[in-house]
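Q: With the input below, show me the fold.
(one chain, ligands or ions: 1)
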Amino acid sequence: MPFSAWPSSLWEETSLDHNFNHITSDLDCDVCIIGAGFSGLWTAIHLSSVAPEKKIVILEAAQPGFGASGRNGGWCSAFLPMSLDSIAKNSSRNSAIAMQFAMNQTISDIGLFIKNNQVNCGWVAGGTLQSATNPAHLSRLQANVSHYRQYGFGDEQISLLSAEVASRRINACNTLGATYSPHCAALHPGQLIDGLVKHCISNGVLIFGNTRVTSIESRQVFAETPDGRVRVGAAQIVRATEGYTSAIKQSHREIVPLYSYMLATEPLPDHVWESIGWEQRETFADARNMIIYAQRTADNRIAFGGRGAPYRFGSAVKSKFDQDSDVHQKIALTMHKLFPASKDAIITHRWGGPLGVARDWFTGVTFDRDSGLATMGSYVGDGVAASYLAAKTLAHLIAETSEPVTRLPWTQHVSPKWEREPFRWMGINALLKIPEIADAREMRAGRPSSLLLRFMRKFTK
Ligand SMILES: Cc1cc2nc3c(=O)[nH]c(=O)nc-3n(C[C@H](O)[C@H](O)[C@H](O)COP(=O)(O)OP(=O)(O)OC[C@H]3O[C@@H](n4cnc5c(N)ncnc54)[C@H](O)[C@@H]3O)c2cc1C
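A: Coordinates of the predicted model:
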């Protein structure tokens, strides 16, 4: 099995240790879902609500939450990897606006699910704050707010905060200002996975662990298990494998894995929190180009993440990539610079995992009625909430309802395939260098590194 070892994540340690048996013989069902992350589990949950008569089976290569869903930053946000402009270009201005409203509503819907089902996952809908620590950051934040304003969104969507107001919420070093959006919650992703698994089981969904699909064919899949090869027949097959998709023969160039890494401190003492603030547990980032993200956890740690890892040749995903000491060190440095009061805290956990990216960085939900094959994903770093809405879209497409969710602009969006190697490796790694170079230039010059960033956005938006 390629996915044998868990990374030592904070979330893994404080959530259930699932141990679903592998499938032991051929089986037929109505819907076979491949992957038990947020996408697969939410699809099963939405489907059992809109089409309760369907027999649903989930095949998981490891155990539920093994992938990005069990390892992420716990930002349940209304963000998407594609901008409103990019959505509008692919559909229409009104569709882009509808998409943003649907994402906003998704945060409330997930909150309601958590409340109604008493899922204890540290959920706090405190919104999200993105701070500026140099003038280039500030102009980028202002441009972002103007972007939303062009689509008619006001302060209820995103607002600019002065340095003083921003620092009173979260006292990051050298804050010059920030944006705030209420459409985000912080949560413990592993415990949400536990809640979804429990809900699936109580709805009669069959989950098999240690069952890795190697081939998807018309109305059937073949899977490897510790006891050999098994066939599962299904009228509909849902591929919910995100950063691991490239290992499935028929899907090799559809989604590439890019690694993101995280660390967590020990619980911080009261005097540290008194100096930082962060009382509403807003999720936090700053406006640098190299993405960083953080949350104050329910047990008062800082969980801090960032990108910056190279793309691996051949879209490889291996457990040895779950740790990257260089990137972890850069993340720790960034955390210490932003929050000097965290310098003395012991870093108790370091981990990482692959997120999934399509060639046009656009999230897609597709369903081919003739072949019965459905796909979802390419959430990049914004899949915690988007997977709920993608799963709802897909459940309604499969159940053939005419709900408005089936008309969202990501429906039937097919991204182009990634280039063959070595061009894929060369192109992606060249692009991944740009944010770091641009950040260094911006620190020096104090204004956005426009030319470099425009070049990067040509390929990533
Ligand atoms: C470190 C990190 C931090 C992140 N932070 C955030 C964040 O704060 N907020 C946010 O919105 N998003 C974040 N993301 C992204 C987010 O976690 C993902 O977009 C989301 O979890 C994707 O869910 P998924 O179910 O589609 O994929 P995954 O969770 O990756 O699930 C795919 C599942 O499919 C299984 N699988 C793969 N191949 C096969 C196969 N052949 N057969 C059977 N099973 C298979 C895997 O084992 C896995 O369990 C982060 C990602 C990472 C890695």
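
Q: Just name the shakiest helix or strand of the protein by mean pLDDT.
A: The helix or strand of the chain with the poorest confidence is helix 450-460; it has a mean of 70 (mean pLDDT, DSSP states H and E).

Q: The stretch 301-450 of the chain against the ligand: which residues are in contact?
A: 305, 352-353, 355, 377, 379, 381-385, 387 (Cβ under 6 Å from any ligand atom). Placement of C-beta: from N, CA and C, glycine included.

Q: same question, the stretch 51-200 of the chain
A: So the stretch 51-200 of the chain meets the ligand at 59-62, 66-69, 71-75, 77 (Cβ under 6 Å from any ligand atom).

Q: what's the distance between the helix or strand harbouring residue 161 and the middle of its chain?
A: Using DSSP states H and E, residue 161 sits within strand 159-162. Strand 159-162 sits 26 Å away from the centroid of its parent chain (Cα atoms, centre = their mean, to the nearest Å).

Q: tell me what the next helix or strand after that strand is packed against?
A: Following strand 159-162 in sequence order, the next helix or strand is helix 163-169 (DSSP H and E). Helix 163-169 sits against strand 128-132, strand 177-181, with contacts defined as 3 or more Cβ pairs under 8 Å, 6 or more residues apart in numbering; DSSP states H and E.

Q: Correct me if wrong: residue 28 contacts residue 233.
A: Yes - the pair residue 28 and residue 233 qualifies as a contact (Cβ atoms under 8 Å) at a distance of 4.3 Å.

Q: returning to that earlier point: any chance of the helices and strands packed on helix 163-169 in a markdown table with mean pLDDT and mean neighbour count as columns?
A: Compiled in a markdown table, the helices and strands packed on helix 163-169 are given as follows (pLDDT from 0 to 100; neighbours: other Cβ atoms under 10 Å):
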| stretch | mean pLDDT | mean neighbour count |
| --- | --- | --- |
| strand 128-132 | 98 | 25 |
| strand 177-181 | 98 | 24 |
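
Q: What ranges does the stretch 251-400 of the chain have for its helices?
A: Here the stretch 251-400 of the chain has its helices, by DSSP state H, counting those that start in this stretch, at 270-276, 325-338, 383-398.

Q: now do the stretch 51-200 of the chain
A: 84-90, 93-116, 135-150, 163-169, 189-202.

Q: Next, the buried residues of the third one.
A: Spelled out, that is helix 135-150. 136-141, 144-145, 148 (16 or more other Cβ atoms under 10 Å).

Q: Just put those in a markdown table and tack on pLDDT.
A: As requested, those are arranged in a markdown table below (pLDDT from 0 to 100):
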| residue | pLDDT |
| --- | --- |
| 136 | 94 |
| 137 | 95 |
| 138 | 96 |
| 139 | 95 |
| 140 | 95 |
| 141 | 97 |
| 144 | 96 |
| 145 | 98 |
| 148 | 98 |
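
Q: So which of these is the closest to the ligand?
A: residue 144 (17.6 Å; Cβ to the nearest ligand atom).

Q: Chain neighbours aside, what residue packs nearest to the closest one?
A: Leaving aside its chain neighbours, residue 144 sits nearest to residue 179 (6.5 Å; criterion: Cβ to Cβ, 6 or more residues apart in numbering).

Q: again, but for residue 67
A: residue 37 (4.7 Å).

Q: What's the local residue count around that neighbour?
A: 28 (other Cβ atoms under 10 Å).

Q: Surely it and residue 72 touch.
A: No - with contact defined as Cβ under 8 Å, residue 37 does not reach residue 72; the gap is 9.8 Å.
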